[in-house]
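Novice: take this sequence and fold it.
(chains A and B)
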Amino acid sequence: MPEEFRYTDEELIARFQDGDEQAYVELVNRYRDRLMSFIFRFVNDMEKAEDIVQDTLMKLYTHRHFYRNIAKFSTWIYTIAGNLAKTELRRKKRHKVTHLSHMGTEEREYQLPSVEPETGETAQCHFAEKEIQKAIQELPLHFRTVVILRDIQELSYEEISKIVDVPLGTVKSRINRARLQLQQALKEFR
Amino acid sequence: MDRYQFEDLISDFIENKLSMHQRKDFETYLDENPEATQQLDSVKQVIASMKSMPEVSTSTDFMKNLNKRILAEKEAQSVVKTTRSFSGYTPIMASLSAVVVVAVVLLGLEFIPEASNQATFSPTMAEEHVDELPVVPTQTNDDLLAESENDSTNIDEDIPNTTDFKDRIQLVGDRRP
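Specialist: Just a heads-up that it's a prediction; the model follows:
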């Protein structure tokens, strides 16, 4: 069994709470890309998304003792990330005008999904991804969160219900409504 | 089943969460409404497209930046530990405060005895100043009695009793004139 799968997330956070910093590094390696995907689909800005993921993992470092082994670790970390993303979006909304002048000033190297030259099919796929991403941004926040967690992050309804802190039935209903809205938005594209 | 009921059940149908009875109703609706079948396929495509979206990775500097932040956090924590040792005071401030408090107490003790000599009286002080006490002439009881009988200030007998309101108050039902 590979080294990184010897411990569950809950065992790793317990070890980290006892002072094992290597366990923290392992948790970071397990979650940084997953969180990046979630946050990027949510805020639609690579730099902001990376900052939020960093903030989330810093919170994990500084607030490690706040985690109690009554919920899954993934639920806890996604809740932190989601809350930070929502705060960022509210801030972005308030300072939209000032942010426009700062767009793209800082360059970072991101690991792109593919470096192969785009064929007709991949270009179509990339275009589809852009269209879906655009349609996701049009969704209200409470729809956007749940549909990303379900259809992109592939979390269970139960876990999503705990992350967003709303009843299971509401989560199911919101996911269904979000899918219908996306289907409507992408109807012309198809 | 109407269109709204159909739309409410789309996700449950796709994820096989419907009961047998609901599933049967749903499929009947699909058979009767070709546009409903199209909508269902379209929603399935949306879900599949989202699932196949490529994972976004963090930048190559991510770990380096995170490590920097962690180091800064550790330094900040160590500064907090060394500077907040005594109930929020730095060691220097705590020492200075302690010196000031001791100095005030010592100065207070220096002044208190002198100021309180006149106000307090102790047996030892009485012994120390016994020579300075005024000499009181000795008198017998007979002398004191005679003195009080001749005392011109004893005027109690001449003053009428002003607290006797017997003749001044007339109660209800009192028929006195």
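Novice: which one is residue 44 nearest to, not counting chain neighbours?
Specialist: By default, I'm working from chain A. Of all residues not flanking A:N44 in the chain, A:Q137 sits nearest, at 5.2 Å (C-beta to C-beta, 6 or more residues apart in numbering or on different chains). Bear in mind the C-beta positions are built from the backbone N, C-alpha and C, glycine included.
Novice: meant chain B, my bad for not saying
Specialist: Nearest non-adjacent residue to B:K44, counting by C-beta to C-beta, 6+ apart: B:I14, 6.1 Å away.
Novice: list the contacts for that neighbour?
Specialist: B:40, B:43-44, B:47 (C-beta atoms under 8 Å, 6 or more residues apart in numbering or on different chains).
Novice: so which of those residues sit within helices?
Specialist: Among the contacts of B:I14, the members found in helices (DSSP state H) are B:40, B:43-44, B:47.
Novice: of the residues you listed, buried ones?
Specialist: Buried positions within the ones in helices among the contacts of B:I14, assessed by neighbour count (16 or more other C-beta atoms under 10 Å in any protein chain shown), are B:40, B:43, B:47.
Novice: could you tell me the per-residue confidence at residue 110?
Specialist: Going with chain A. With respect to pLDDT, A:Y110 has a value of 58.
Novice: not what I meant, chain B
Specialist: pLDDT recorded at B:E110 is 80.
Novice: that one looks like it's in a helix, true?
Specialist: Yes - under DSSP: H, G, I helix; E, B strand; the rest coil, B:E110 falls within a helix.
Novice: how does chain B divide up, domain by domain?
Specialist: As assigned by automatic domain parsing, chain B contains the domains B:3-51, B:62-116.
Novice: from these, which stretch is densest packed?
Specialist: Comparing those by mean neighbour count (mean count of other C-beta atoms under 10 Å in any protein chain shown), domain B:3-51 ranks first with a mean of 15.
Novice: tell me how far stretch A:176-186 is from the chain's mean position?
Specialist: In this view, stretch A:176-186 has its centroid 20 Å away from the chain centroid, taken as C-alpha atoms, centre = their mean, to the nearest Å.
Novice: is that stretch anywhere near chain B?
Specialist: Yes - judged by C-beta under 8 Å from any C-beta of the partner chain, stretch A:176-186 and chain B are in contact via A:176, A:179-180, A:182-183, A:186.
Novice: send me that stretch as PDB with only the CA atoms.
Specialist: C-alpha atoms of stretch A:176-186 as PDB (Å, rounded to 0.1, in the frame of the first residue of the first chain):
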ATOM      1  CA  ASN A 176     -32.000  19.500  -9.300                       C
ATOM      2  CA  ARG A 177     -33.000  23.200  -9.900                       C
ATOM      3  CA  ALA A 178     -29.300  24.000 -10.600                       C
ATOM      4  CA  ARG A 179     -29.100  21.200 -13.200                       C
ATOM      5  CA  LEU A 180     -32.300  22.400 -14.900                       C
ATOM      6  CA  GLN A 181     -31.000  26.000 -15.000                       C
ATOM      7  CA  LEU A 182     -27.700  24.800 -16.500                       C
ATOM      8  CA  GLN A 183     -29.500  22.700 -19.000                       C
ATOM      9  CA  GLN A 184     -31.600  25.800 -20.000                       C
ATOM     10  CA  ALA A 185     -28.500  28.000 -20.200                       C
ATOM     11  CA  LEU A 186     -26.600  25.500 -22.400                       C
END
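Novice: where along chain A do the helices fall?
Specialist: A:9-17, A:21-43, A:46-62, A:73-94, A:96-100, A:120-138, A:141-147, A:157-164, A:168-185.
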